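**Student:** Pasting a predicted model and its sequence here:
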Protein chains: 2
Amino acid sequence: MNIPALNSDIEATSGASVVLTTARDAGVDVCFANPGTTEMPFVGALDTVAGMRSILGLFEGVCTGAADGYGRMAGKPAMTLLHLGPGHANGIANLHNARRARTPILNIVGDHTREHLKYDAPLTSDIESLARPVSVWYRSVARDADLATDTADAISAAMGARRGVATLVLPVDLQSAKVRGAAWPAVVRPAAVSFDAARVEQVADLLLGGHRAVLLMGARALSARGQRAAARIAAATGATCFSETFPARAERGGGLPDIDRLPYFPEPALAALAGRRVVLAGALAPVTYFGYEGIPGELARPEDIVTLAAPGDAADDALEALADRIGAAATNDDGVRVERWRVEDGPLTPQAVGRVLANALPDDAIVSIEGGTCGYPFVTASARARRHTILTNTGGAIGQGLPVALGAAVACPARRVFALQSDGSAQYTIQSLWTMARERLPIVMLIASNRRYGILQTELARSGLPADTPHASRLTLLDDPPIDWLALSRGYGVPAQRVSDTHALVQALDGALARTDGPTLVEMRLS
Amino acid sequence: MNIPALNSDIEATSGASVVLTTARDAGVDVCFANPGTTEMPFVGALDTVAGMRSILGLFEGVCTGAADGYGRMAGKPAMTLLHLGPGHANGIANLHNARRARTPILNIVGDHTREHLKYDAPLTSDIESLARPVSVWYRSVARDADLATDTADAISAAMGARRGVATLVLPVDLQSAKVRGAAWPAVVRPAAVSFDAARVEQVADLLLGGHRAVLLMGARALSARGQRAAARIAAATGATCFSETFPARAERGGGLPDIDRLPYFPEPALAALAGRRVVLAGALAPVTYFGYEGIPGELARPEDIVTLAAPGDAADDALEALADRIGAAATNDDGVRVERWRVEDGPLTPQAVGRVLANALPDDAIVSIEGGTCGYPFVTASARARRHTILTNTGGAIGQGLPVALGAAVACPARRVFALQSDGSAQYTIQSLWTMARERLPIVMLIASNRRYGILQTELARSGLPADTPHASRLTLLDDPPIDWLALSRGYGVPAQRVSDTHALVQALDGALARTDGPTLVEMRLS
């Protein structure tokens, strides 16, 4: 994130150009767009401001999910460009996930000319009410003189202490207004990231006092450095380490310690935390994903929880300081050696899929994971893989995995990106495939095709309800008609193949990795 | 809409069953669902309450759009079943359209157990803030004793004076609660529909006073009866008649008068209304769709507008009363004779598409129209067609045409349903195809494939901006890669074919109409 340079050479320009130039000079140079009529001056300005990349999505959830994936990997915002309240509404689900991931996004929403709002024309809606629940910051630009400062404020908020989605509404008349000088340039001030030394002392006292502990890690704690520091602490104190269940981003493999995710279901999660103090390092206090009768919502009692670092803190630095403070050995041998799994030829079980994929990852791969069927087995297996980054669904709004992979591939063109995706959740933002093909992004999509909402059948069983009654089965099965993933994928210009055993999957991955100028889809028919 | 019968035989049942029974007894017997974990007790209850039809959508916008199409045709609500705030968010765009169409919908959104909300688990969000902008009524059920009355109140609100989307949030613990007796059954009270005789007098005086007038018609004025009455008035007074530009539902053809839609762009719309008083019959005061510099937002001056009937009134009755009051002849010869257009063999121009489709419509067809490219030419042509109903995009949130066709086909199994759809807008809810295939709905989809957002290129030109610059062209062209509609359609289990001349389109429509057990898609490659 650069502090913007002076732009004294610009005398009069369009309002949209002011926004774009301010954003670009602050390092925001990618725009995931699905514009409409009220965004046409903004589209026109993209052709006059050098250095912006615009990427079209056929559906707004693709744009917002891509901005999430981009922001997680780039560490700075992409911008979106959405069409009034209804266009923005289509992007809300993935903005919800971005909010939970604390991903910085400059969420730009066009609006009617200010004069036109009072007529309540068909597309008029309460954008603020729709945007506030997913935004850490919201503003509708009121005057042309504010365009630069409002844009800078939005980026500062996105990169600020609360970090997340900053929604900036741009009335179309202000996009096309001729703007001179005033309040230009504007300064972006991202929040400094630090940690609280007093908390390090408090946790050190706890650990040195002999308390059994779990380090529950999120955000920067899941960097390679954070994980190595946590492993030192664990080796010195007997603490156990878990990643939060749905990390926005975690490094894994390549000799890092095997820090698995806290289990999803409450019973094993409670067992993992039982009898231990819970030290939060960049994670929130653990709660159950849903409320279940007879099970506490809090997975640890408040009096057993101590915060080393909040999600916005430098949790990696805090863990290193803690490791040093308690005199943990400077290195440890808890790293997992990179090693291929032996996978027998045979049917595609979730475990086999996880191992084959772990074997196939090249150095510095990125894996976007959505769906439980293969997601958990993969993460279990991937401790042995080459160094890679995993991105998970942070907010539970499904339809996140494919666009996040798209955005990650835009952010990191030198890294290979995989999407390990369940068939049900892939459908919500299936239009992602087209943008991947258009942008020639060499993403490898693995669709775990079991033709059902597996999690719902599990949850029905947990509730003591049958899954084979007429309505329950028709609302959880996707087999009539079966989705033809090969046809669908080709429909969007993405070559595809279907595999149903481990040998074929290995070969399909080889073939997909050999393709460097576009995406590939592999339908995995699970056994 | 029936007033619910007594259900004294039910002693204790689940909360979800109370909701379902109350709804069913009020005539709400179709549920467009995309449930998640917090809706499992509701899904379980669908298997215990007889007489409900549940229909799965792979994406929530399919469910809400289908509920809109259903409600427009059935005149009563369908229910939706959506998964917390993020699932609901995916349905907002089409609820926005339903709000503009005044379509009654019982919008059911599951939520966490009440006890769990305070933990701010990943899927927790401000559902109320997300739902209010599209809802005429919102309530989150607070107590099990309120389940029946809250459901009845929701249906009453959906069918009430404001008519529209009633959002009822059901915490999962209340869905599974055991409920006894209290406040059961509850009574649904839809609003009575009438008109204001004083307004009839006022308009009669205006017309008899020799004022030139336009009858601008919406809602019930666009019934066959309303249109015939309007034609009588026009014949007697020299008034002209227009439908509002985007009617929720209008009858057309089969000998009805040719009442075309008020033009979309402001210049021809202003010309159509110039020098005349505007009599609103079920329509809102006409405003431009967007604000344009130098063009008034109001297409008619307030002092030139007089309201005969508001959108919620019995505008058809009001028009008949007005026709009688001014002594218009009891019949008139303004009806358009049913007659085939002569269409030359040749390329698929929008005009040719409109005429071929008008020729092909069987009696009582329903045509869901989304996209301007072929939509306007079709309506122009369809005055000569057999009697049919058109449904248009009322709120401008695109991705509405396919789900509305789906819902209309569920509501009217004896009628043939067509979706005349542009390629760009079809993508937003493309998952509709799967549900059409699954439900064996014999919908004929005609995709006007010009591989561009044509309206945006038009709007760029209107703004004096080039459409062929790098960003503008990449954000408005859909040709790289071209979407393979045949593959995409087959991917969802829908047989498809591609046509590029009028003769092939005639044959494709013949073939599609011969299929009665499922949908067909025709990609029309426009010249």
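**Tutor:** Structure received.
**Student:** Run through the helices of the stretch 151-300 of chain A in chain order.
**Tutor:** Secondary structure of the stretch 151-300 of chain A (DSSP state H, counting those that start in this stretch): helices located at A:172-176, A:197-208, A:224-237, A:266-273.
**Student:** Also the stretch 301-450 of chain A?
**Tutor:** Here the stretch 301-450 of chain A has its helices, by DSSP H, counting those that start in this stretch, at A:315-325, A:350-360, A:372-382, A:401-411, A:423-426, A:432-438.
**Student:** Could you check the ones you listed and tell me which one is nearest residue A:69?
**Tutor:** Taking Cβ to Cβ, helix A:401-411 is the member of those nearest to residue A:69, at 2.9 Å. Yep, even glycine has a C-beta here, placed from its N, CA and C like the rest.
**Student:** so where's the stretch 251-400 of chain A uncertain?
**Tutor:** Low-confidence segments of the stretch 251-400 of chain A (pLDDT under 70): A:332.
**Student:** hmm, try it at 80
**Tutor:** Within the stretch 251-400 of chain A, the stretches with pLDDT under 80 are A:331-334.
**Student:** Return the nearest residue of the stretch 201-350 of chain A with respect to chain B.
**Tutor:** residue A:291 (3.1 Å; Cβ to the nearest Cβ).
**Student:** in the stretch 101-250 of chain A, which spans are strands?
**Tutor:** Assigned by DSSP state E, counting those that start in this stretch, the strands in the stretch 101-250 of chain A fall at A:105-111, A:137-140, A:165-171, A:178-180, A:213-217, A:240-243, A:250-252.
**Student:** And the first one, how far out from the chain middle?
**Tutor:** On the basis of Cα atoms, centre = their mean, to the nearest Å, the separation between the geometric centre of strand A:105-111 and that of its chain is 19 Å.
**Student:** what does the third one give?
**Tutor:** With Cα atoms, centre = their mean as the basis, strand A:165-171 stands 20 Å off its chain's centre.
**Student:** for that strand, packing partners?
**Tutor:** helix A:15-25, helix A:84-101, strand A:105-111, helix A:127-131, strand A:137-140, helix A:147-158 (3 or more Cβ pairs under 8 Å, 6 or more residues apart in numbering or on different chains; DSSP states H and E).
**Student:** Just name the most buried of those.
**Tutor:** Highest mean neighbour count among the helices and strands packed on strand A:165-171 (mean count of other Cβ atoms under 10 Å in any protein chain shown): helix A:84-101, with a mean of 30.
**Student:** Can I get it as CSV, trimmed to CA atoms?
**Tutor:** In CSV, the C-alpha atoms belonging to helix A:84-101 read as follows (Å, rounded to 0.1, in the frame of the first residue of the first chain):
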residue,chain,number,x,y,z
LEU,A,84,-27.1,0.0,-7.6
GLY,A,85,-28.9,-1.8,-4.8
PRO,A,86,-30.0,-4.9,-6.7
GLY,A,87,-26.6,-5.5,-8.3
HIS,A,88,-24.9,-5.0,-5.0
ALA,A,89,-27.4,-7.4,-3.4
ASN,A,90,-26.2,-10.2,-5.7
GLY,A,91,-22.7,-9.6,-4.2
ILE,A,92,-23.7,-9.6,-0.6
ALA,A,93,-23.2,-13.3,0.2
ASN,A,94,-19.6,-13.2,-0.7
LEU,A,95,-19.1,-9.8,0.9
HIS,A,96,-20.4,-11.5,4.1
ASN,A,97,-17.6,-14.0,3.7
ALA,A,98,-15.1,-11.2,3.1
ARG,A,99,-16.3,-9.5,6.3
ARG,A,100,-15.7,-12.6,8.3
ALA,A,101,-12.3,-12.9,6.6
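**Student:** Now the weakest link among the strands of the stretch 101-250 of chain A, please, by mean pLDDT.
**Tutor:** Lowest mean pLDDT within the strands of the stretch 101-250 of chain A: strand A:178-180, at a mean of 87.
**Student:** Do it and chain B come into contact?
**Tutor:** No: judged by Cβ under 8 Å from any Cβ of the partner chain, strand A:178-180 and chain B are separated, with a smallest distance of 12.1 Å.
**Student:** Now for the nearest residue to residue A:287 once chain neighbours are set aside: which residues touch it?
**Tutor:** Spatial nearest neighbour of residue A:287, chain neighbours left out: residue B:119 (4.0 Å); criterion: Cβ to Cβ, 6 or more residues apart in numbering or on different chains. Counting by Cβ atoms under 8 Å, 6 or more residues apart in numbering or on different chains, residue B:119 touches A:287-288, A:297-298.
**Student:** Let me see the confidence value for residue B:119.
**Tutor:** On the pLDDT scale, residue B:119 is placed at 97.
**Student:** Leaving out chain neighbours, which residue sits closest to residue A:229?
**Tutor:** Distance criterion Cβ to Cβ, 6+ apart; nearest residue to residue A:229, sequence neighbours excluded, is residue A:319 at 3.7 Å.
**Student:** List the contacts of that neighbour.
**Tutor:** By Cβ under 8 Å, 6+ apart, the contact list for residue A:319 reads A:215, A:221, A:226, A:229-230, A:233, A:281, A:308-309.
**Student:** what do you get if the cut-off is 10 Å, keeping everything else the same?
**Tutor:** The contact partners of residue A:319, by Cβ atoms under 10 Å, 6 or more residues apart in numbering or on different chains, come to A:195, A:200, A:203, A:215, A:217, A:220-221, A:223, A:225-233, A:241, A:279, A:281-282, A:308-309.
**Student:** returning to what we had before: buried members of the contacts of residue B:119 into ChimeraX, please.
**Tutor:** Here is the ChimeraX command that selects only those of the contacts of residue B:119 that count as buried (16 or more other Cβ atoms under 10 Å in any protein chain shown):
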select /A:287,288,297
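**Student:** closest to residue B:49 out of the strands of the stretch 101-250 of chain A?
**Tutor:** Here strand A:165-171 is closest among the strands of the stretch 101-250 of chain A (Cβ to Cβ), at 40.2 Å.
**Student:** and that closest one with helix A:15-25, angle?
**Tutor:** If you take axes from the mean of the first three to the mean of the last three Cα atoms, to 10 degrees, strand A:165-171 sits at 160 degrees to helix A:15-25.
**Student:** so strand A:165-171 versus strand A:105-111, what angle?
**Tutor:** Between strand A:165-171 and strand A:105-111, the angle comes out at 20 degrees (the same axes, to 10 degrees).
**Student:** Kindly calculate the angle that strand A:165-171 makes with helix A:84-101.
**Tutor:** Using the same axes, to 10 degrees, strand A:165-171 lies at 160 degrees relative to helix A:84-101.
**Student:** one step back: quickly compare the helices of the stretch 151-300 of chain A and say which is most buried.
**Tutor:** Most buried of the helices of the stretch 151-300 of chain A, by mean neighbour count (mean count of other Cβ under 10 Å): helix A:172-176, with a mean of 25.
**Student:** got a list of what residue A:419 touches?
**Tutor:** A:69, A:366-370, A:391, A:401-406, A:408-409, A:426, A:432, A:436, A:443-447, A:519, A:521.
**Student:** Just the buried ones from those residues, in ChimeraX syntax?
**Tutor:** Command for ChimeraX that selects the buried part of the contacts of residue A:419, burial taken from 16+ other Cβ under 10 Å:
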select /A:69,366,367,368,369,370,391,401,402,403,404,405,406,408,409,426,432,436,443,444,445,446,447,519,521
